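J.: model this:
(one chain, ligands or ions: 1)
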Amino acid sequence: MAYLGNAELVAAVSNAGGLGILGTGYSPPAWIKEQIDLTRLLTDRPFGVNIMLRSPSAKEAIDLVKEEGVPVVTLGGGDPSEHLEGLKSSQSHAVPVVADPETAAKLAKLGADAVIAEGTEAGGHIGRLTTMTLVPQISAAVSIPVIAAGGIASGSGLVAAMALGASGIQMGTRFVCSEECIAHRGFKERIIQSDGQDAIEIGRTIGRPIRCLANRLTEAFLEAERRGASLEEFFTGKLYVGVIEGDLENGFLMAGQCAGLIKETKPAQDIVREVITEAESIFQRLSRDWNRGWNE
Ligand SMILES: Cc1cc2nc3c(=O)[nH]c(=O)nc-3n(C[C@H](O)[C@H](O)[C@H](O)COP(=O)(O)O)c2cc1C
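T.: Residues are numbered from 1 along each chain as shown. Sure, this is the predicted structure:
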């Protein structure tokens with residue numbers, strides 16, 4: 001998560017047994033290097049780096065993660081095709097974010113090591129299909145591991161994703177409400193108060209759909225979108241204003257529909273452990289019920 005997925009949160013997630021992902025957004029390579037070094041001081045477990053391909057320094061950032069031997073590199077916000085071969089020849093595993101099965105199949109052929117199948121429920125930049133319909137289609141289209149993202153904030157989401165064919169999950173919004181996350185507490189509070197229905201979509205008509213919590217800024221954006229007015233001014237620094245500075249009306253508050261499932265802020269370690277523990281007990285219950293069903 002741009003601005004939010006920093007070394008402290010990444011290390012906390014990796015130390016808890018997950019795979020923390022450093023969100024680099026539009027940050028310069030020097031900042032990314034600093035955060036990689038800091039992550040390595042805070043954890044000796046594997047972690048990943050997300051490269052926003054729309055960033056002007058995306059190419060340099062990819063060279064950096066290759067040099068650094070970062071174990072997992074996730075790629076979002078653009079076409080990763082040209083980078084897959086280079087990443088494959090390094091120690092890094094390339095994991096693009098995809099929103100349709102055709103793209104997933106194409107990127108698997110080009111050398112992606114896994115894909116993140118991100119449904120439209122997710123916070124941030126989104127596709128059209130829901131996680132429920134996307135994950136099985138992508139799982140059928142590729143033979144590499146599929147990581148489900150979008151709408152998952154609990155053990156039941158993990159079990160559902162695995163039932164749909166995923167090998168793992170990626171959570172964003174849930175980790176905003178972690179104690180280690182540097183998100184403004186007002187933003188965390190808005191997620192906790194949300195029932196998910198105010199996690200709306202904007203920007204579809206200009207080909208840049210984003211899910212974020214409704215506020216004065218999204219209202220102005222949607223109004224400008226309806227008028228066909230230029231929207232460039234909306235994209236300059238507004239995420240930082242919302243999620244870090246905590247201007248809840250004039251900044252973008254990227255968050256997914258799973259906001260409705262999040263009731264409190266807690267340490268990242270507790271989040272990871274609770275998701276796994278809940279998933280384990282659901283698996284046990286399902287298998288018990290299943291066997292009973294067949295025998296009775
Ligand atoms: C505040 C925020 C910032 C995000 N920034 C990025 C990003 O920079 N790059 C990216 O690939 N995905 C980004 N995402 C998407 C997440 O990586 C993740 O796929 C998504 O949040 C999963 O859906 P969920 O929000 O329902 O958990 C962001 C999500 C949020 C909520």
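
J.: where does Leu75 fall, helix, sheet strand or coil?
T.: Secondary structure state of Leu75, per DSSP: H, G, I helix; E, B strand; the rest coil, is strand.

J.: From the structure, what's the count of residues near it?
T.: Residue neighbour count, defined by other CB atoms under 10 Å, stands at 27 for Leu75. To be clear about C-beta, it is placed using only N, CA and C from the backbone, and glycine gets the same treatment.

J.: again with the one 4 residues further on
T.: In terms of burial, Asp79 registers 12 neighbours under the definition other CB under 10 Å.

J.: That one is in what secondary structure piece?
T.: Remark: Asp79 resides in no helix or strand, with elements defined by DSSP states H and E.

J.: Tell me who's in contact with it.
T.: Under the criterion of CB atoms under 8 Å, 6 or more residues apart in numbering, the neighbours of Asp79 are Leu53.

J.: which residue ranges form the strands in the stretch 51-200 of the chain?
T.: For the stretch 51-200 of the chain, applying DSSP state E, counting those that start in this stretch gives strands covering 72-76, 93-98, 115-118, 124-125, 146-149, 168-170, 199-202.

J.: Dump those into CSV; add mean pLDDT and distance to Leu134 as well.
T.: Written out in CSV, the entries for the strands of the stretch 51-200 of the chain read as follows (pLDDT from 0 to 100; distance: least, CB to CB, whole Å):
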stretch, mean pLDDT, distance to Leu134
strand 72-76, 98, 15
strand 93-98, 98, 9
strand 115-118, 98, 5
strand 124-125, 96, 15
strand 146-149, 98, 8
strand 168-170, 98, 13
strand 199-202, 98, 15
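
J.: So which of those strands is nearest Val159?
T.: Of all the strands of the stretch 51-200 of the chain, it is strand 168-170 that lies closest to Val159, at 9.9 Å by CB to CB.

J.: Against which helices or strands is that closest one packed?
T.: The criterion is 3 or more CB pairs under 8 Å, 6 or more residues apart in numbering; DSSP states H and E, and the helices and strands that strand 168-170 contacts are strand 146-149, helix 155-163.

J.: Let me know which of the ones you listed is the nearest to the ligand.
T.: Nearest to the ligand, of all the helices and strands packed on strand 168-170, is strand 146-149, at 3.9 Å by CB to the nearest ligand atom.

J.: Paired strands for that closest one, with orientation please.
T.: According to DSSP bridges, strand 146-149 forms sheet pairs with strand 115-118 (parallel), strand 168-170 (parallel).

J.: C-alpha coordinates for stretch 251-262, CSV please?
T.: As requested, the backbone C-alpha atoms of stretch 251-262 are provided in CSV (Å, rounded to 0.1, in the frame of the first residue of the first chain):
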residue,chain,number,x,y,z
GLY,A,251,-8.0,13.5,0.5
PHE,A,252,-8.5,10.1,-1.0
LEU,A,253,-9.2,7.4,1.6
MET,A,254,-8.5,4.2,-0.4
ALA,A,255,-10.2,1.3,1.3
GLY,A,256,-12.2,-1.7,0.2
GLN,A,257,-15.7,-3.1,0.9
CYS,A,258,-14.2,-5.3,3.6
ALA,A,259,-14.1,-2.1,5.8
GLY,A,260,-17.5,-3.5,6.9
LEU,A,261,-15.7,-6.5,8.5
ILE,A,262,-13.1,-4.5,10.4
